[in-house]
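Q: okay, sequence plus prediction incoming.
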Amino acid sequence: MSDRTNAKLCDLGNLILGAMLISSPWLFAFTAETRSGNAFASGVVIVVLSMAALTVFAVWEEWLNLIVGLWLIVSPWVLHFQGIEVARFEVTIGIIVAAFAWNELWFRSRMTPS
């Protein structure tokens, strides 16, 4: 597979993960507004960035995805989530989103200009 195909798969994966985050307040019945708002807002940002990256690649999109992924990793402690299952879900999604973004940034830095 080419590096661009791998990048598109990462963007598609982030799109799916963002959609999961958007729907998670209803799927998991988050009751606290902070938790549901964080999941929804983070999911919307990830979906928008992934859709943009699928059409035209830009390095800033991946940096923003990396930042949102890292935010999802630390947000349960910053926002004082009470439920461990919600924290586990957001941290897991954050790790995967950050890994996808880092993967794309690393591959882009290794590509030779054509």
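A: Structure's in. What do you need?

Q: now for the longest helix along the chain, which elements pack on it?
A: Secondary structure of the chain read by DSSP state H shows that its longest helix is helix 84-110. Applying 3 or more CB pairs under 8 Å, 6 or more residues apart in numbering; DSSP states H and E, one finds that helix 84-110 contacts helix 3-27, helix 33-55, helix 59-78. (Each C-beta comes from the backbone N, C-alpha and C, glycine too.)

Q: for the record, mean pLDDT for it?
A: The pLDDT scores in helix 84-110 average 87.

Q: that one vs helix 33-55, what angle?
A: Here helix 84-110 points in a direction 30 degrees away from that of helix 33-55 (axes from the mean of the first three to the mean of the last three CA atoms, to 10 degrees).

Q: next, count neighbours for S75.
A: Neighbourhood size, S75 [other CB atoms under 10 Å]: 21.

Q: how close does it get to A7?
A: S75 is 26 Å from A7, where distance means CB to CB, to the nearest Å.

Q: and S24, by the same measure?
A: Here the criterion is CB to CB. By it, S24 lies 26 Å from A7.

Q: E90 now?
A: Distance, E90 to A7, by CB to CB: 24 Å.

Q: these two - which one has more neighbours?
A: Comparing E90 with A7 by other CB under 10 Å, the one with more neighbours is E90, at 24 against 21.

Q: that one reaches V74, doesn't it?
A: No - taking contacts as CB atoms under 8 Å, E90 lies outside contact range of V74: 9.7 Å.

Q: tell me, what residue is most central in this structure?
A: By CA atoms, centre = their mean, the chain has its centre lying nearest to V97, at 3.7 Å.

Q: what's the nearest residue to that one if we skip its chain neighbours?
A: G69 (3.6 Å; CB to CB, 6 or more residues apart in numbering).
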